[in-house]
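Asks: got a sequence here, can you model it:
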Amino acid sequence: DVVTARGFALAAAAGSAVLLLAALGFQYLGGLPPCQMCIWQRWPHLAAVLVGVGYIIAPSAFVLVAGSLAALTSGGIGVYHAGVEQGWWAGPTTCSAGEIGGLSTEALLDQILSAPVTRCDDIVWSFAGLSMAGWNAVLSILLGGLWLIALRPGRRGRPEGSRG
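Replies: Numbering: from 1, shown residues only. Coordinates of the predicted model:
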């Protein structure tokens, strides 16, 4: 049986959901607070999951390309982040903080002192020689490829009106 375009698209969207859940698990269950670039890598995965839902509702080549772009964006940020961790290039010089409007000086100081600080150039976890950013890069690029495979001609369930 030929695997359908829908199957590839849903597998890619599910893969992004798994990567997003894994990142949240490392953060909330593993006690590894994310740096700013870790957060940046999460948003495209959320977009890819939403695009997957969109593909169920309105399958089209445009949606497949959007899903691929979302996954590849996270992969690109992951490559950049892994390079920062390895010292291949400089990372961002700023960090982020929570909302500070309306806080007293004492409450603001408490927030600053109690906030976990995770630098973008620190590797807090690795497996088989790759950091979380490195694994995200590899897996996100593969997921981007799954989205693109769904575009190939001859796939059953290809979006209506697609040329191939």
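
Asks: now residue 148. Nearest residue, chain neighbours left out?
Replies: residue 68 (5.0 Å; Cβ to Cβ, 6 or more residues apart in numbering). Backbone N, C-alpha and C define where each C-beta goes, glycine included.

Asks: buried set for the one helix or strand residue 23 maps to?
Replies: In this assignment (DSSP states H and E), residue 23 forms part of helix 5-28. The neighbour-count check on helix 5-28 (16 or more other Cβ atoms under 10 Å) flags 5-13, 15-16, 19-20, 22-23, 26-27 as buried.

Asks: same question for stretch 118-128.
Replies: Across stretch 118-128, burial judged by 16+ other Cβ under 10 Å covers 118, 120, 124.

Asks: and for stretch 26-38?
Replies: Buried residues in stretch 26-38 (16+ other Cβ under 10 Å): 26-27, 32, 34-35, 37-38.

Asks: same for the longest helix seen in the chain, what does it pack against?
Replies: Counting by DSSP state H, the longest helix found in the chain is helix 61-86. Helices and strands touching helix 61-86, by 3 or more Cβ pairs under 8 Å, 6 or more residues apart in numbering; DSSP states H and E, are helix 5-28, helix 36-57, strand 130-131, helix 132-149.

Asks: which stretch in those is the model least sure about?
Replies: Note on the helices and strands packed on helix 61-86: strand 130-131 shows the lowest mean pLDDT, a mean of 90.

Asks: list the pairing partners of it within its sheet, with orientation.
Replies: According to DSSP bridges, strand 130-131 forms sheet pairs with strand 126-127 (antiparallel).

Asks: what about the partner strand, average pLDDT?
Replies: For strand 126-127, mean pLDDT is 84.

Asks: residues contacting that strand, please?
Replies: For strand 126-127, the external contacting residues (Cβ atoms under 8 Å, 6 or more residues apart in numbering) are 132, 134-135.

Asks: and the closest residue in space to residue 69 that isn't next to it in sequence, how many residues sit next to it?
Replies: Once flanking residues are discounted, residue 69 sits nearest to residue 144: 7.7 Å by Cβ to Cβ, 6+ apart. Neighbourhood size, residue 144 [other Cβ atoms under 10 Å]: 25.

Asks: go on, residue 134?
Replies: Counted with other Cβ under 10 Å, residue 134 comes out at 21.
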